[in-house]
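> Would you be able to build a 3D model of this:
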Amino acid sequence: MSEIEGSTEGNEIRGHRRAQRMKALCIGALGGLVLLAACAKQSGVTAIQPPPPDTGGPRSEVVMPPPVVPAEQPVKQEAQAARQESPLKDIFFDFDRSNVRPDAKAALADDVEWLRVHAKAAITIEGHCDERGTSEYNVALGERRAQAAKDYLAALGINAKRVTTVSYGKERPFVLGHDESAWKWNRRAHFVVERE
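Residues are numbered from 1 along each chain as shown. Below is the predicted model:
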């Protein structure tokens, strides 16, 4: 074999390897775009179309526009909308506390009136916490919050047999967020009517 043939063969091998690397890069990029599109679809963001396949022509850089983030409702409006699902009013707690606050007593008085009118109604009080602290601690705190609300209703004359409690700790946040504007809505006792 001559030197020219060996060099041509070497160039072919290098060209083949280069083509394989390009193919792997294109497949990886398309896989990333598919993953991005799937994530965008789940979050309600408009999916970005993948670029056309590389035809070996001159390269141009693909510029991806930033994802469009849907506008969020203000936290207070979300909280009001969720409260409308139940005829009973939720009560909220201070950080790391389970005592019924003075502002919650008016809501509980309204709940008692509804329960007196609907004498056969049974309810579940869900205890919830914000995201801070361990899951175990928050489950225990959520249970204390639900129990405090149940005890308060019982003190106002509601038969405790009509009320059950459950704690979800920090597992079911009412409002998503990582600051006090969200946390204050997640520290709550939520009332669910099981039967009327």
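
> any chance you could map the strands in the chain?
91-92, 122-128, 163-169, 188-195 (DSSP state E).

> any chance of those in a markdown table, plus mean neighbour count, mean pLDDT and distance to residue 135?
To be clear about C-beta, it is placed using only N, CA and C from the backbone, and glycine gets the same treatment. Listed next are the strands of the chain as a markdown table, based on neighbours: other CB atoms under 10 Å; pLDDT from 0 to 100; distance: least, CB to CB, whole Å:
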| stretch | mean neighbour count | mean pLDDT | distance to residue 135 |
| --- | --- | --- | --- |
| strand 91-92 | 21 | 97 | 21 |
| strand 122-128 | 22 | 97 | 13 |
| strand 163-169 | 19 | 97 | 6 |
| strand 188-195 | 19 | 94 | 17 |
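
> Pipe the ones you listed into a markdown table and attach distance to residue 102 per row.
Output for those, formatted as a markdown table (distance: least, CB to CB, whole Å):
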| stretch | distance to residue 102 |
| --- | --- |
| strand 91-92 | 11 |
| strand 122-128 | 19 |
| strand 163-169 | 22 |
| strand 188-195 | 15 |
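
> Ok, which of those strands comes nearest residue 144?
Closest of the strands of the chain to residue 144 is strand 122-128, at 7.1 Å (criterion: CB to CB).

> ok and the closest one relative to strand 188-195, angle-wise?
Interaxial angle, strand 122-128 versus strand 188-195 (axes from the mean of the first three to the mean of the last three CA atoms, to 10 degrees): 160 degrees.

> now for strand 122-128, which elements pack on it?
helix 135-155, strand 163-169, strand 188-195 (3 or more CB pairs under 8 Å, 6 or more residues apart in numbering; DSSP states H and E).

> export these to JSON lines and tack on distance to residue 106?
Supplementary listing: the helices and strands packed on strand 122-128 in JSON lines, determined by distance: least, CB to CB, whole Å:
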{"stretch": "helix 135-155", "distance to residue 106": "12"}
{"stretch": "strand 163-169", "distance to residue 106": "19"}
{"stretch": "strand 188-195", "distance to residue 106": "14"}
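
> Of all these, which one is nearest residue 88?
strand 188-195 (3.6 Å).
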